[in-house]
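> fold the following, please.
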Amino acid sequence: MSDDPLFREQESLLICGWNPQGRRMVLDILAVSPSIAITVVCERRDRGCPPVVEHPQITHISGDSTDAQTLRKAGLESENIVVLLTDRGHGGPSQTLDARTILTALTIRKLSDSIHIIAELVSERNVELADTAGVDEWLLADQYSGVMLSQSLQSLGLSEMFTELFETGAGSALRQTPVPGELVGIPFADAVTETITMGLGALAGFRRGDELHLPPDGDSVLAEDDQLLLFQRI
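Numbering: from 1, shown residues only. Okay, here's the model as predicted:
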């Protein structure tokens, strides 16, 4: 994330909604960008959800994230990226939780066409609705934990590796970066060695347009417009 120019230039980040994963996310972001100002919009409540992290860089706006006035108060119109977390404090079935997330996205889209919206969803059935609401990227809340549990069962001891690879606060992370000029036109198998030699990190795959090659065929030739997917130390 810190190697993405869009994020590196961010002075602030707006988060709508809150849940237990929110704490890990904001601390992970602050480990990479300690000066970034984070604003969290969610209603105050005593039960059902952990409190928003207390940190000098974090401001909590108590209010409804589906309300345009609240979003303006939180500085929405000056943001480039907004993250929508599943607001677990409200409780209810997955359809109700996702409905609030989608309603927040619709409200944001009415206020701004240019903000990049990343949303967490509970149910895969709501992905199409999220797309219609203007969500640019979505993640399924329980999908990745299920995959990681499956992998850990098949290869015992992987859980610690997942933490080291994906938690930037641990010192490493998965990055997406443009293909360097010297790697354009060479097979992926050769690029694996070259990226390590160049100090870029361990090459896992590449993105070509909307297609994700992970892992790709070793004979696949890298093109100028491809994006490399790398595990890097930070």
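> what's opposite the nearest residue to A204 once chain neighbours are set aside in the beta bridge?
Of all residues beyond its chain neighbours, the one nearest A204 is L229 (4.8 Å), with distances taken as CB to CB, 6 or more residues apart in numbering. The C-beta positions use only the backbone N, C-alpha and C, and glycine is treated the same way. Residues in a beta bridge with L229, per DSSP bridges, are Q176, G205.
> isn't L229 up against A202?
No. The pair L229 / A202 is not scored as a contact, 9.9 Å apart, by CB atoms under 8 Å.
> looking only at neighbour counts, state which of those two leads.
Here L229 and A202 are compared on neighbour count by other CB atoms under 10 Å; more neighbours surround L229, at 21 against 15.
> show me the contacts for that one.
By CB atoms under 8 Å, 6 or more residues apart in numbering, L229 lies in contact with L174, R175, Q176, L203, A204, G205, F206, R207, L214.
> give the contact list for the third one.
Listed by CB under 8 Å, 6+ apart, the contact set of Q176 reads D4, R207, Q227, L228, L229, L230.
> wait, what's in contact with the residue nearest to K73 when sequence neighbours are not counted?
Residue nearest to K73 in three dimensions, not counting chain neighbours: I61, with 6.2 Å by CB to CB, 6+ apart. Contact criterion CB under 8 Å, 6+ apart gives T39, V40, V41, T70, K73, A74 as the residues in contact with I61.
> domain-wise, how is this protein divided?
Each structural domain of the chain that the record assigns through automatic domain parsing is listed here as a residue range: 5-145, 171-233.
> out of those domains, which is closest to Q154?
For the domains of the chain, proximity to Q154 was assessed by CB to CB; domain 5-145 is nearest, at 15.2 Å.
> now do that closest one, average pLDDT.
On average, the pLDDT along domain 5-145 is 86.
> use 598 as the first number for this chain going forward.
New numbering, starting at 598: the last item is domain 602-742.
> distance between it and the chain's centre?
Distance of domain 602-742 from the chain centroid (CA atoms, centre = their mean, to the nearest Å) equals 11 Å.
> distance from the strand or helix carrying L771 to the middle of the chain?
Element membership of L771, judged by DSSP states H and E, is strand 769-775. The chain centroid and the centroid of strand 769-775 are separated by 12 Å under CA atoms, centre = their mean.
> now the element after that strand, going C-ward?
helix 785-794.
> how about the residue nearest to K670, secondary structure?
Following DSSP: H, G, I helix; E, B strand; the rest coil, we place I658 in the strand state.
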